[in-house]
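A.B. asks: When you get a sec, could you give me coordinates for this:
(chains A and B)
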Amino acid sequence: MPEIRDFHAFPDVHGRFGQFGGSYVAETLMAPLAELTEAYLRLRQDPAFIAELDRDLTHYVGRPSPVYFAERLTRHVGGARILLKREDLNHTGAHKINNTVGQALVARHMGKTRIIAETGAGQHGVASATVAARLGLKCVVYMGATDIERQKINVYRMKLLGAEVVPVTSGSKTLKDALNEAMRDWVTNVADTFYIIGTVAGPHPYPLMVRDFNAIVGREARAQMLEQYGRLPDVLTACVGGGSNAIGLFHAFLNDRDVRIVGAEAAGEGIATGHHAASLAAGRPGVLHGNRTYVLCDDNGQITETHSVSAGLDYPGVGPEHAFLKDAGRAEYVGVTDDEALEAFHLLARTEGILAALESSHAVAQAIKLAREYPSDGIVLCNLSGRGDKDVHTIAAREGVQV
Amino acid sequence: MNRIDRRFAALKAAGRTGLIPFVTAGDPWPEHVVALMHALVESGADVIELGVPFSDPMADGPVIQHASERALDKGVGIGDVLDWVAAFRQRDSDTPVVLMGYLNPIEIHGYARFAAEAVRAGVDGVLVVDCPLEESAVLAPLRESGLRQILLAAPTTAPERLSMLCDAAEGFLYYVSFAGITGAARLSTTDIAARVADVRAQAKAPVAVGFGVRDAASAKAIAGFADAVVIGSALVERLEGAASAEEIAGRVALFLRPVREALDAH
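C.D. replies: Numbers count the residues shown, from 1 in each chain, chains lettered A, B, ... in the order given. Below is the predicted model of the structure:
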């Protein structure tokens, strides 16, 4: 791959990040995608739209989110300072709302009256149901039957918000199957329906659009670093499933070559066991859900079932921009196991009084490892992408506790 | 000359509408795929579309999706599909075979390797559902080895794009008769007639119409204005649970022959 001068110049007009990305979809989706691309490329330059979005992010989402110095955690670990970008403090409890607020505004500008979404852990489903309720749009959320079972609280939250939750029983009954089903709905009902994809995957323009809406995380964090610490961090880390919170944090820093970037994928029971969801660390380039990216598949090209204690990371693909950053050598992607994530969850709870989402606990575990590599005046900035209330039952069950 | 081109030339000369049944390779039984293919021909198939099972068939409805899952559960891979085509060719060297599926299995198999093996097996064309013209540079090795890349057009396809597709069409152009997944039940024939007439006037290849064709009556309605009719989900549905090669052949005949007769009576 040739030397990249400006990482902010991607994707190109075809939605390609180097060899990754693109629009690998059936002909029936080409027109809706073209309509969406045209509308979004216009809106992202429109000062009135940007002002509208900024207002919502400030007054509805509660931005900016703080950068918090986790002092007791830092002392416990004994290395570089660990700072947390507190996306868990957003309305609905995760970074997902940044994207759904943005896409719902796009939907309204396009005159669509029905929102559909897919969800894994339920966070994106809740964030979609939330914005649909606020804008008075009908909302249907597709969710794998397995995920419905392990995320009952979020399912109920979506229903309270007026959304219809449709269980998906095909394939592995998880996020990827929910995505397939949502795509089918969209193809069939495209005239009045807007599909809010929850991560930086899918066909163009989704990886671009979802990244843009989450890039507020990194823009804020970069400014906060300069203001509060007078410098940029040594290293960034975030968890990567589809990769929306990670690209959100990373994007503003991509051209700051001295800032190291490390993505934490779900290594599940360990990459060697095969029970994991580490597409970048252990997968290969392929095509899934409308884009070329790293995927987990067998030698017949069949997408394999993944495992992670956190439903939100349980995905066999990854956003194409991450695939690009990996191959360009700009970011590293490493695996964090279920056990390491749980240990980090408990440590953060006990030292800082913060219950992190299991997804985000992977990033915290990685931040702890990285902090040990740097001297005490170093800085590790970790995206705390969501809060852990939704995971309390999962953790209790795993640890044999009755609640 | 490619078998697809030869077959469509013969259909045109005879003034007949082509019949293109779709079946998922490996469903209902891997051991009966070759017998199923022969049964399709005996019941009047002009071109066979053989679905290559994929774990994430985004554009397919529940019927073909479940057929795909059943085949995958029995361990069917792309290599098996090529072997079945080769076995079919031992007795049938005329009927064109088009493989229909998704990109990832071909990508992982390797484009050049797949092209060479497919040609050797006797495959004539490939319809890769999730590879639109804009992304099909990767399929160059397939086209260069003589395989026809079957393109799709839809009612939602914009006019400029439609003329681009019509220009690039080879083998046949597959017109999906409404915006939806395979096997859904909406179909307004008058609406389709006008659109297909427009597509046929532009396309550099014959036009086959599919998606939503369920029986002899709906096939006949389309026969008047299409070069060929594709039948997929309705056939796959009827084959589910057939236990033996004889039973498969029986069900194929029962379903497909009336369709063939309806097309010929047109």
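
A.B. asks: average pLDDT for the biggest strand by length in chain B?
C.D. replies: Scanning chain B for the strand with the most residues, using DSSP state E, yields strand B:18-24. Averaging the model's pLDDT scores along strand B:18-24 yields 97.

A.B. asks: Repeat that for stretch A:207-216.
C.D. replies: The predicted confidence, averaged over stretch A:207-216, sits at 98.

A.B. asks: re the thing from before, what sits up against whichever helix or strand comes after the longest strand of chain B?
C.D. replies: The element immediately downstream of strand B:18-24 (helix or strand, assigned by DSSP states H and E) is helix B:33-42. Helix B:33-42 has contacts (C-beta atoms under 8 Å, 6 or more residues apart in numbering or on different chains) with B:21, B:23, B:25-26, B:48, B:50, B:84, B:87-88, B:91-92, B:95, B:97, B:239, B:245, B:248-249, B:252-253, B:256. In this view, the C-beta of every residue, glycine as well, is placed from N, C-alpha and C.

A.B. asks: So among those, which ones count as buried?
C.D. replies: For the contacts of helix B:33-42, burial is judged from neighbour counts taken by 16 or more other C-beta atoms under 10 Å in any protein chain shown, and it is met by B:21, B:23, B:25-26, B:48, B:50, B:84, B:88, B:95, B:97, B:239, B:245, B:248-249, B:252-253, B:256.

A.B. asks: Can you tell me which of the contacts of helix B:33-42 end up in strands?
C.D. replies: When DSSP E is applied, the contacts of helix B:33-42 are split such that B:21, B:23, B:48, B:50, B:97 fall in strands.

A.B. asks: any chance of the residues you listed in CSV, with distance to B:Arg3 too?
C.D. replies: Shown next, in CSV, are these (distance: C-beta to C-beta, whole Å):
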residue, distance to B:Arg3
B:Pro21, 16
B:Val23, 18
B:Ile48, 11
B:Leu50, 14
B:Val97, 8
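
A.B. asks: A:Leu73 contacts A:Thr351, doesn't it?
C.D. replies: Yes: counting by C-beta atoms under 8 Å, A:Leu73 sits close enough to A:Thr351 to count as a contact (4.5 Å).

A.B. asks: Comparing the two, which shows the higher neighbour count?
C.D. replies: A:Leu73 (23 against 16; other C-beta atoms under 10 Å in any protein chain shown).

A.B. asks: Where does that one sit: helix, strand or coil?
C.D. replies: When classified by DSSP: H, G, I helix; E, B strand; the rest coil, A:Leu73 comes out as helix.

A.B. asks: can you pull the contacts of it?
C.D. replies: If you count contacts by C-beta under 8 Å, 6+ apart, A:Leu73 has them with A:82, A:347-348, A:351-352, A:368.

A.B. asks: which two from the residues you listed end up farthest apart in space?
C.D. replies: Spanning the widest gap among those are A:Glu352 and A:Ile368, at 12.2 Å by C-beta to C-beta.

A.B. asks: Settle it for me: which of these two has more neighbours?
C.D. replies: Applying other C-beta under 10 Å to A:Glu352 and A:Ile368 shows that A:Ile368 carries more neighbours, namely 25 against 21.

A.B. asks: Quick check: that one touching A:Gly78?
C.D. replies: No: with contacts defined as C-beta under 8 Å, A:Ile368 does not count as touching A:Gly78, sitting 10.1 Å away.

A.B. asks: in the chain, which spans are strands?
C.D. replies: Going with chain A. If DSSP E is used as the criterion, the strands of chain A fall at A:16-17, A:20-21, A:67-69, A:81-86, A:114-119, A:138-144, A:164-168, A:193-196, A:235-240, A:260-268, A:284-288, A:291-295, A:332-337, A:379-384.

A.B. asks: my question was about chain B
C.D. replies: Listed in chain order (using DSSP E), the strands of chain B are B:18-24, B:48-51, B:97-101, B:125-128, B:148-149, B:151-153, B:173-176, B:207-210, B:228-231.

A.B. asks: how about the ones you listed in CSV, adding distance to chain A?
C.D. replies: Written out in CSV, the entries for the strands of chain B read as follows (distance: least, C-beta to the nearest C-beta, whole Å):
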stretch, distance to chain A
strand B:18-24, 14
strand B:48-51, 14
strand B:97-101, 9
strand B:125-128, 9
strand B:148-149, 13
strand B:151-153, 4
strand B:173-176, 6
strand B:207-210, 12
strand B:228-231, 14
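
A.B. asks: what's the closest of those strands to A:Met225?
C.D. replies: So among the strands of chain B, strand B:125-128 is nearest, using C-beta to C-beta, at 46.1 Å.

A.B. asks: mean confidence score for that closest one?
C.D. replies: For strand B:125-128, the per-residue pLDDT averages 98.

A.B. asks: Tell me the residues of chain A that contact chain B?
C.D. replies: Selection of chain A residues close to chain B by C-beta under 8 Å from any C-beta of the partner chain yields A:14, A:22-28, A:30-32, A:34, A:170-171, A:176-177, A:180, A:183-184, A:187-188, A:190, A:284-290, A:295, A:297, A:299-303.

A.B. asks: Let's see which of these end up in helices.
C.D. replies: Per DSSP state H, helices hold the following members of the residues of chain A next to chain B: A:27-28, A:30-32, A:34, A:176-177, A:180, A:183-184, A:187-188.

A.B. asks: Sheet partners, orientation included, of the longest strand of chain B?
C.D. replies: strand B:48-51 (parallel), strand B:228-231 (parallel) (DSSP bridges).

A.B. asks: Check these for me: which has the lowest mean pLDDT.
C.D. replies: Mean pLDDT across those is lowest at strand B:228-231; the value there is a mean of 94.

A.B. asks: chain center to that strand: distance?
C.D. replies: How far strand B:228-231 lies from its chain's middle: 8 Å, per C-alpha atoms, centre = their mean, to the nearest Å.

A.B. asks: Please work out which residues outside it touch it.
C.D. replies: The list of residues contacting strand B:228-231 from outside it, by C-beta under 8 Å, 6+ apart, reads B:8, B:11, B:17-22, B:46-47, B:49, B:172, B:174, B:206-211, B:213-214, B:219, B:222-223, B:256, B:259, B:263.

A.B. asks: again with stretch A:214-226
C.D. replies: Here stretch A:214-226 makes contact (C-beta under 8 Å, 6+ apart) with A:57, A:63-67, A:83, A:85, A:87, A:95, A:98-99, A:200, A:231-233, A:244-245, A:247-253, A:256, A:379, A:381, A:383.
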